[in-house]
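Enquirer: got a structure for you, letters missing:
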């Protein structure tokens with residue numbers, strides 16, 4: 001019974017990671033096929049805009065001017081190592097709270113979505129901009145949304161949960 005429970009747990013974790021990757025890649029495919037470079041589509045006036053920008057760096061185009069060798073190391077190899085480490089950790093260690101695991105599935109899925117773009121296309125497709133007055137974003141994509149949601153879940157869980165999170169040891 002314990003082996004079946006473990007397999008179901010692993011299947012659920014991998015399914016959530018794949019769901020995040022899938023949402024990201026489907027949205028980017030639609031954008032690549034339907035929005036011209038630098039075209040702006042106002043969805044809700046100036047509050048939510050769709051556009052298409054290829055970002056060859058990381059967040060805020062950091063690293064876009066790096067030498068190609070450094071780009072591969074810092075924007076591909078290092079993220080692969082971190083994402084594999086996190087995925088292995090949540091698949092093997094069973095004492096994390098469900099919320100912590102959920103948060104990491106979002107972070108890993110979003111990370112893989114952007115990493116896939118960097119490896120396959122040489123850049124990440126960003127396409128959404130929000131301006132809600134006090135909240136104004138730079139351009140982002142669904143992988144970034146996954147990473148932010150996952151980070152928010154991890155932070156809230158770490159601050160308010162008595163169970164083990166990534167940053168707290170179990171009280172046994």
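Expert: Good, I have the coordinates. A quick note: this is a predicted structure, and the numbers were derived from the prediction, not measured.
Enquirer: all contacts plus neighbour counts: C-alpha atoms, from now on.
Expert: Fine.
Enquirer: Which elements pack onto the lengthiest helix in the chain?
Expert: For the chain, the longest helix by residue count, based on DSSP state H, is helix 2-34. Using 3 or more Cα pairs under 8 Å, 6 or more residues apart in numbering; DSSP states H and E, the elements in contact with helix 2-34 are helix 98-121, strand 124-130, helix 142-160.
Enquirer: Check the spacing between the residue nearest the centre of the chain and residue 157 real quick.
Expert: Most central in the chain under Cα atoms, centre = their mean is residue 110, positioned 1.9 Å from the mean C-alpha point. Distance from residue 110 to residue 157, counting by Cα to Cα, to the nearest Å: 19 Å.
Enquirer: before we move on, back to that, tell me who's in contact with the residue nearest to the centre of the chain.
Expert: Contact partners of residue 110, counting by Cα atoms under 8 Å, 6 or more residues apart in numbering, are 20-21, 24, 142-147.
Enquirer: Which secondary structure element of this protein has the lowest mean pLDDT?
Expert: helix 68-72 (a mean of 78; mean pLDDT, DSSP states H and E).
Enquirer: Sort out which residues of the following helix or strand past that one are buried, please.
Expert: Following helix 68-72 in sequence order, the next helix or strand is helix 78-92 (DSSP states H and E). By neighbour count on 16 or more other Cα atoms under 10 Å, the buried set for helix 78-92 is 79-80, 83, 86-87, 90-91.
Enquirer: what's the answer for stretch 9-22, then?
Expert: Residues of stretch 9-22 classed as buried by neighbour count (16+ other Cα under 10 Å): 13-14, 16-22.
Enquirer: likewise stretch 134-145?
Expert: Those would be 139-145, for stretch 134-145 by 16+ other Cα under 10 Å.
Enquirer: With respect to residue 116, which of these is nearest?
Expert: Residue 116 has its nearest neighbour among the buried residues of stretch 134-145 in residue 143, at 10.6 Å by Cα to Cα.
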